[in-house]
Structure formats: structure tokens, C-alpha cells
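>>> curious how this folds, go ahead:
(one chain, ligands or ions: 1)
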Amino acid sequence: MQQNGIQEAGEGKFCPFCKSRLEYEYYQYSHVGKFSCPNCDYGNYPIYKEAKNINLKTKTFEVDGISYQIQDNSIYTIYNYVAVISVMNIYHIDTEDVIKALSKFALNNGRLENINVNGVPTIINLAKNPTGANVSLRLLKEDEDEKELLFVLNDNIADGFDVSWIWDINFNQLQEHKVTRIITAGTRPYDIAIRIKTAGFDPEKIIPYENLELAVQELYKTNVKKYVIANYTALQPTRHAILKK
Ligand SMILES: [Zn+2]
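Numbers count the residues shown, from 1 in each chain. Presented below is the predicted three-dimensional model:
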């Protein structure tokens, strides 16, 4: 379960101690992967806990031969869970309790939130930066079903007025991954639409809306599965507009 080649803005390309370029054995996202510094050996640590047999379809993975069933299916939450398992292990917390807790833990409030809107599966995820957006899009690409995307981009004070970060998002090959339509909204619907268009997505299938309610209305004109990505101040208004449906 790993990506070959870096297709996004790598945040950790250089060694923080000696500034040499890090060498990645494999790469997941942002600076996460198996890396080491060829000069000072930074990154060559023994692995404490390792997730194996990761199956995003059945939402299972193993650590030390123990199988964990989880509620979501993204590689970045598995990284978080392995960190949880490591800490629990250090504090000698009973493995059975960890298994039980992880099996019930569901993210919500727009963090990889799964909701059902009149029978249409909808996955909402917050993305405040290219890394967050890229992991959301990776999830979408790993999903073999046909789907539509709503991207809501705001440029309010809390978001930052500069939206140039959207040019570091990897929007390539969305059509190849069965994205059949994209609706954009927020205070900058045209910026995000143009960004997606320049990544090669059919412009006829990109629909920008200045009004969020109308965008959501348009989104649910079909029964195709939905992925929703919204940035900071866009998240709650988008959630509410969808939950109202
Ligand atoms: Zn180094």
C-alpha cells in the first residue's frame, strides 16, 4: 500500500540536521514514508510498530499479528491508529481494549465523515492545505466506484486570502478514476474550477456555483456517490447544506 513517485509538494525533502536530500524507499504523502538521510543516517530507526496486511476494502490491518477492524479506510488514519497502538503498548493497556476502541471509533464533523443523503453515500473531508486535499483525492482515486466531487473553496480570513495552494493539489487523472462530474463552490469557485480544468478534466463536466445551496442542489441531481472536499471556513456551511437534504 504505497505510492511510487512523488506526485505532490513534498514537505520533507531535506534532512533537518544536515540538509542533504532524503532518500525515500517508498512514499505515502507529504513527508510520510520510509526515508533516510544518506549523509547522517537520520531516519534509520528500528521500527517499533508496523501495520501489515492493510486491506482498505475490508477496513482491516494487523500489528504484531493482531487484526484490527476499523471504521474508515484511509492510509493516513491507519498511520494514526498505529501511533495509538504504540502509545497504548507503552502504557501496557490491554490489547483487547484497543481492539474494541478502534472498532467503534468513527470520525465525524467533516473529518472523513460518511453520511447517507437519501440513499446517496457521501464522504465529507476537510482540506486546509495541499497535503489534506491530496490524501482526500487519493482516497477518491482508490475507490473503484463512479463518483462526483464537490470542492468548496473559501478565502476568508481564517482560510488565508491566498488560494495559490490549490496549484499544489494533484488533480491529475480524476476521469480515469471514474469521477464523472465536479461541482465547485465557495467564495472562489472559479479559481478551483480553472485549477481542475488545467489538470486535464473535461471542462464541460466542471460546474462552478457562487451559491452553496444551489451547488449542493445540483450535486444531488444524480444518485452517484459523492465526495466533498471543503476548506476551513467552508466545511461547516457545506456540511449543513448537505445535512439539510
Ligand atoms: Zn542528514
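>>> going forward, measure contacts between C-alpha atoms and count neighbours the same way
Noted.
>>> element containing Glu148?
Using DSSP states H and E, Glu148 falls within strand 147-152.
>>> any part of stretch 39-59 near the ion?
Yes - using Cα under 5 Å from the ion, stretch 39-59 reaches the ion at Cys40.
>>> buried set for that stretch?
Of all the residues in stretch 39-59, those buried under the rule 16 or more other Cα atoms under 10 Å are Ala51, Ile54, Leu56, Lys59.
>>> and that stretch, end to end?
One end of stretch 39-59 sits 38 Å from the other (Cα to Cα, to the nearest Å).
>>> which SSE is Leu139 in?
helix 130-142.
>>> nope, Phe35 is what I was after
Going by DSSP H and E, Phe35 is part of strand 32-36.
>>> and the ion, is that strand touching that?
No - using Cα under 5 Å from the ion, strand 32-36 stays clear of the ion, with a minimum separation of 7.9 Å.
>>> strands of this structure, start to end?
Assigned by DSSP state E, the chain shows strands spanning 23-29, 32-36, 51-55, 60-63, 66-69, 113-117, 120-126, 147-152, 179-185, 206-208, 225-230.
>>> need the residues of the chain near the ion, please.
Contact residues (Cα under 5 Å from the ion) of the chain with the ion: Cys15, Cys18, Cys37, Cys40.
>>> and those residues, which of them are buried?
By neighbour count, with 16+ other Cα under 10 Å, the residues of the chain next to the ion hold Cys15, Cys37 as buried.
>>> give me the subset of the residues of the chain next to the ion that lies in helices.
Under the assignment DSSP state H, these contribute nothing to helices.
>>> care to break this protein down by domain?
Per automatic domain parsing, the domain ranges recorded for the chain read 1-46, 54-106, 113-243.
>>> and those domains, which is most packed in?
domain 113-243 (a mean of 19; mean count of other Cα atoms under 10 Å).
>>> quick one: end-to-end distance for that domain.
Start to finish, the residues bounding domain 113-243 are 12 Å apart (Cα to Cα).
>>> distance check, the closest residue to Asn129 other than its chain neighbours against the ion.
Nearest non-adjacent residue to Asn129, counting by Cα to Cα, 6 or more residues apart in numbering: Trp165, 6.6 Å away. Look at Trp165 and the ion: by Cα to the ion, to the nearest Å, they are 28 Å apart.
>>> re earlier: columns mean pLDDT on top of the strands of the chain, output as CSV?
Formatted as CSV, those follow (pLDDT from 0 to 100):
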stretch, mean pLDDT
strand 23-29, 87
strand 32-36, 90
strand 51-55, 95
strand 60-63, 97
strand 66-69, 97
strand 113-117, 92
strand 120-126, 95
strand 147-152, 98
strand 179-185, 98
strand 206-208, 98
strand 225-230, 97
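>>> what's the closest of those to Tyr91?
strand 60-63 (16.5 Å; Cα to Cα).
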